[in-house]
Every structure is written in C-alpha cells, then in structure tokens.
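Student: coordinates only, sequence not included:
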C-alpha cells in the first residue's frame, strides 16, 4: 500500500492563526514609560498590579524591541511560568525558543523564554534586552546580577516591596534596579473594571504569640504548629459553608501538612477538594490545574506553589490560612482571585482571612510604592518609621472587614459607636481617658466609698496626709473624693497599686 501524501496532509489539523493583541491604555503607558526610562538608565522595574497583564506588557516590549532588530530573553524562575509565557507567545504569534533543562528547543532564536536556573548553569548568548519576570526575586538571587551585567534589563513585578531591589551591586556599577515605572494602581484597575473588587471577612484572629520572625516573616515550623489545630481548621470549613458555599476556592496554608489537613476536612464534609505541592510531578500538577479550571474540583489547597503566576480567573474565593508579615507574599496570594472572568461573569471576589493578615497589613489596594529599597537600615529621622496608616477592622457583629474610618458596616449595617466622653458613676461625671489598666479597673470595681475608706485607713496607719489620700484617689478615679466613707482595711489590690505608684515615683526622681 503506497503512502498518500495528499491524504495525509488533508488529515492534519491546521495550525491556528495567531491572534493579534492590543494593549490597554494603562499597559501602553507602562511600555512607553519603560522606553523613556531606558534612554538614560539600564535597569528599570515595570510595576503592574497582580492580574494587570504583565505578560501582555512583556509582549508589547518584545514587539517594540524586535521592530528595532533587538534580541530579547524573557526570564522566569518557575517552570509553570515558562509554560504559561510560551503558550501566550505562541497564541499571539511571537516566534521564540525555550531554554529550560531538557525542554530546551530553538535556543538560538531571537526571542527566548528561559529559566534563570538553566541560564545560571549554562550561561547565555548575547541578548540586547532582558525581561525579568517576578523580578522581586532578583534581590535575593546572585544569578540575576550575573546575567544582568552589561545588559539592558526590565523587571516585571506586582510586588516591588522587596528589600534590596535598589541596593548597590558593585559588579553592576550601581543599583540592582535604578528606578521604578508604574503603569496603574490596583485601586484604579478595580474602579475601571479590569479587576474585580473583593469583600473581606475576618472570622478568626489566631494567637501567634511565641512564633518567631525569621528574615522578616513568621518562622514556618512554629507557624505551622500554631495554625494546624483542629479547631482552627474546622473554623475554616464551617465559615466557608456559611459564606462561600458553591464558589470555587483557593486556600493558602502554612505548609504541606497544613494544606493536606484543610483539604481532608473539606473532603470529609463532601466537598471536592484537592491539594497540590512542589513534590508532585509536572504531569500531576497539570492534571490538578485542569480539573480545577474545568470545575471538576471546588477547593484547591496549597502552601506557596500558587502564589506566583497562577491563572484561574473563575476562582471566586480566597482562604488566607497562612499568616504573613510580608507584603510581597500577601499581595501575591490576594491577587489570585481578583481576575475578571468572562466565562462565569464574576463581579466580586470573596476573601476569608483566618490569618489576621488583613488587620495587620491592610487592604492590598491601599499599598503604594514610589521608590525602591536600597537595603540599608533606616533611621527614624530618615523616614524609616513612617506614620502608620489606619487599618481595616472587623465588624464586631458579622466579622466583615470594614475600611478604615467606616463606623457603619457595609455588610450588616451594624454601627460601631465611640465610647461616651463621660460615664456616670456614683452620681458624678467622670471623663473617660482611654483604655484603663486592669489593676485600675479592679480597684474601680470595688466602688468609690470602699477605696476612699481603704485609703483613709492606710493614711492613718502610715501617717499620711489628706493630700496623699486625695492624690491617690484621683489617680484611680480621675477626680477628688466627695462622698461619705467608713474606714476599711486596705485590700491586697490597693496595697499593690500603692506599691507600684511608689516605685514609679522613685524612678522618676532618679531620672530627674
């Protein structure tokens, strides 16, 4: 039987025509801003919020560079990001090669998508322009500084808060990155409909006392022990049923054991939940992601694998079960659910914060950055201690996270009222002077006549004056005594209070 070439060609599926792309105005602004900055500098950061379309901006930069005959290398730090970027480049007709371990192909192309780990081992050819994806990682990896030397570089990131991005690097003859170009803020993207807004609930504020801080964030082993308790995990599942039942959900846990525990609890309650971690093969991870995108699984649990580059627009709910002090980690996690979805018509996202992070750091759309950290310790006189911005607070009635200075809860309508300026006690008006120490509160609870009588008895025993009685009485109640009393033996609480006042007075005299 002879081979029929015409029949074989007819049976082949034609390659899809490449799509054309048009940048949004804010993306064009960012591309033009980078071009202007590179007229006088060699290394700049292009900042765009999570889900703002950094890959589209990269393609705009590649197109601009290729029109001038320049060779471009797009560099990633994760295999998943290399695959996503390559797929996007192919979709939009950008011919390119790949430099990544055994997957390397067409590595002599004028445009390549490359792994930083592979380049560090093998070196790289001449490229006129480097585009560094997730460039906040550059501050802590020597390999980046090595390949950036002598090359024009644009870093892409949604989180330019990393320490050391502006640090002086001797081998580069200046800062790692010289400036930052901002395209748009997260708030602007939300207001213009490019991202969805989010409702945030804080059902729990975990007790993290005793958890150490290492390299600016919580120590993972101790944090895992604090967060992986049965009652906390149960609280996560119960609140999900209450607030998000039926919505695709991504969970960020502390570590793999914590992620598996949360996943198991969801499955025990009849929810199609899956766990993913870096120990799994690429094939296993692809299958899990495909099931989640297709809606065959409802809850996707992980610890840090999906903080960068995860693209699941239909996902509506985020569960923060991983407390963090890092703005970089926080913004990356939060941004996973802010993408719009034409397929599902998603209009808002839901964030269930079981970590206390929103109360600790605020809403991510309120963050701003005007300069890059140079890695040097900051003194208060140099602006190292900025005036803290007001932070969101949970509604005491429903746990909805209210924006700062919002007395009426947007969710349930509960109105938080300020404490009265005065309070009534034994017929007198007494000014409230903020939060009272516990010892002082216990003394006040004994009643004014009792404390007055105890002070008079103590003054008689210790040969103190009426002036001493009145001064201590006013320290406790905020006013001078004017009621009847009967002498009473001083209680241990009052003796302890007087002793503490004497110590404080002695210290003040020594200081003077």
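Tutor: That came through, no problem. These figures come from a predicted structure and were not determined experimentally.

Student: Now for residue 347, how many residues are close by?
Tutor: 11 (other CB atoms under 10 Å). C-betas here are computed from N, CA, C, even on glycine.

Student: One more: the one 4 residues further on?
Tutor: Residue 351 is flanked by 24 other residues according to other CB under 10 Å.

Student: Repeat that for residue 68.
Tutor: With other CB under 10 Å as criterion, residue 68 counts 8.

Student: cool, residue 125 as well?
Tutor: 11.

Student: what does residue 22 give?
Tutor: Count around residue 22 with other CB under 10 Å applied: 8.

Student: Assign it to helix, strand or coil.
Tutor: Following DSSP: H, G, I helix; E, B strand; the rest coil, residue 22 is assigned to coil.

Student: what does the one 5 residues further on give?
Tutor: In three-state terms, and counting by three-state DSSP, residue 27 is helix.

Student: my read: it touches residue 54, true?
Tutor: No - Residue 27 is beyond contact range of residue 54, at 9.1 Å (criterion: CB atoms under 8 Å).

Student: Find the residue at the geometric middle of the chain.
Tutor: residue 330 (1.4 Å; CA atoms, centre = their mean).

Student: I'd guess it is in a strand, am I close?
Tutor: No - Residue 330 is assigned helix when assessed by three-state DSSP, not a strand.

Student: Could you measure from residue 113 over to residue 84?
Tutor: Residue 113 sits at a distance of 10 Å from residue 84 (criterion: CB to CB, to the nearest Å).

Student: higher neighbour count, these two?
Tutor: When residue 113 and residue 84 are compared for neighbours, residue 113 comes out ahead with 28 against 18, by other CB under 10 Å.

Student: Does the more buried one touch residue 87 like I think?
Tutor: No - Residue 113 is not in contact with residue 87 according to CB under 8 Å; the separation is 9.9 Å.

Student: circling back to that earlier point, okay, the residue nearest to the centre of the chain: pLDDT?
Tutor: We have a pLDDT of 92 for residue 330.

Student: residues contacting it?
Tutor: Contacts for residue 330 were tallied using CB atoms under 8 Å, 6 or more residues apart in numbering; they are 324, 357, 361, 364.

Student: which residues are common contacts for residue 113 and residue 87?
Tutor: With CB under 8 Å, 6+ apart, residue 113 and residue 87 have no common neighbours.

Student: Could you break the chain into its assigned domains?
Tutor: Per automatic domain parsing, the domain ranges recorded for the chain read 25-184, 193-364+391-402, 422-511.

Student: what's the offset of the longest one from the middle of its chain?
Tutor: The gap between where domain 193-364+391-402 is centred and where its chain is centred comes out at 11 Å by CA atoms, centre = their mean, to the nearest Å.

Student: Adjust the sequence numbering to begin at 891 for everything that follows.
Tutor: Got it, the first residue is 891 from now on, which makes the last one we talked about domain 1083-1254+1281-1292.

Student: my read is residue 1045 is in a strand, agree?
Tutor: Yes - assigned with three-state DSSP, residue 1045 falls within a strand.

Student: pretty sure it is touching residue 1067, no?
Tutor: Yes - taking contacts as CB under 8 Å, residue 1045 lies within contact range of residue 1067: 5.9 Å.

Student: Mind listing the shared neighbours of these two?
Tutor: The contact sets of residue 1045 and residue 1067 overlap at 933, 934, 935, 1025, 1028, 1055 (CB under 8 Å, 6+ apart).

Student: Now do the contacts for the fifth one.
Tutor: So the one you mean is residue 1028. 1022, 1034, 1035, 1038, 1045, 1055, 1066, 1067.

Student: ok, now with 6 Å
Tutor: residue 1034 (CB atoms under 6 Å, 6 or more residues apart in numbering).

Student: and it, how far is that from residue 1259?
Tutor: 16 Å.

Student: ok, now the second one?
Tutor: To residue 1259, residue 934 is 14 Å away according to CB to CB.

Student: which of these two has more neighbours?
Tutor: residue 934 (24 against 16).

Student: tell me the pLDDT at the more buried one?
Tutor: For residue 934, the pLDDT comes out at 95.

Student: partners of the host helix or strand of it in the sheet?
Tutor: Here residue 934, judged by DSSP states H and E, is contained in strand 933-937. Take DSSP bridges as the rule and strand 933-937 pairs in its sheet with strand 1042-1047 (parallel), strand 1069-1072 (parallel).

Student: among those, which is nearest residue 923?
Tutor: strand 1069-1072 (4.0 Å; CB to CB).

Student: Can you name the next helix or strand after that closest one?
Tutor: Heading C-terminal from strand 1069-1072, the first helix or strand you meet, by DSSP H and E, is helix 1076-1081.

Student: just how off-centre is that following helix within its chain?
Tutor: The answer for helix 1076-1081 is 17 Å, by CA atoms, centre = their mean.

Student: Let me have the domains of the chain in JSON lines, adding distance to residue 1305 as columns.
Tutor: Output for these, formatted as JSON lines (distance: least, CB to CB, whole Å):
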{"stretch": "domain 915-1074", "distance to residue 1305": "33"}
{"stretch": "domain 1083-1254+1281-1292", "distance to residue 1305": "9"}
{"stretch": "domain 1312-1401", "distance to residue 1305": "19"}
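
Student: between these, which gets the lowest average pLDDT?
Tutor: Per-stretch mean pLDDT for the domains of the chain is lowest at domain 1312-1401 (a mean of 75).

Student: mind checking the end-to-end distance for stretch 1230-1240?
Tutor: Using CA to CA, to the nearest Å, one end of stretch 1230-1240 lies 13 Å from the other.

Student: Buried residues in whichever helix or strand comes after the strand holding residue 934, which are they?
Tutor: Once the chain leaves strand 933-937, the next helix or strand it forms, by DSSP H and E, is helix 944-957. Residues 944-956 are the ones in helix 944-957 that count as buried (16 or more other CB atoms under 10 Å).

Student: helices and strands around the following helix or strand past helix 944-957, which ones?
Tutor: Using DSSP H and E, the helix or strand that follows helix 944-957 in sequence is strand 962-966. Secondary-structure packing of strand 962-966 (3 or more CB pairs under 6 Å, 6 or more residues apart in numbering; DSSP states H and E): strand 1001-1005, strand 1019-1022.

Student: at 8 Å what do you get?
Tutor: Packed against strand 962-966 by the contact rule (3 or more CB pairs under 8 Å, 6 or more residues apart in numbering; DSSP states H and E) you find helix 944-957, helix 969-981, strand 1001-1005, helix 1006-1012, strand 1019-1022.

Student: Give me the contact list for that strand.
Tutor: So strand 962-966 is in contact with 948, 951-952, 955-956, 972, 975, 979, 986, 1000-1006, 1009, 1014, 1017-1024, 1037, going by CB under 8 Å, 6+ apart.

Student: If you go by neighbour count, which of these are buried?
Tutor: Buried members of the contacts of strand 962-966, scored by 16+ other CB under 10 Å, are 948, 951-952, 955-956, 972, 975, 979, 986, 1000-1006, 1009, 1014, 1017, 1019-1024, 1037.

Student: What lies in contact with the helix or strand where residue 1359 lies?
Tutor: Using DSSP H and E, residue 1359 maps to helix 1356-1367. Contact with helix 1356-1367 is made by 1315, 1320, 1330, 1333-1334, 1338, 1341-1342, 1345-1346, 1349, 1370-1371, 1387-1388, 1391, as judged by CB under 8 Å, 6+ apart.

Student: same thing but 7 Å
Tutor: 1320, 1330, 1333-1334, 1338, 1341-1342, 1345-1346, 1349, 1370-1371, 1388, 1391 (CB atoms under 7 Å, 6 or more residues apart in numbering).

Student: If you count neighbours, what's buried in it?
Tutor: Those would be 1359, 1362, 1363, 1366, 1367, for helix 1356-1367 by 16+ other CB under 10 Å.
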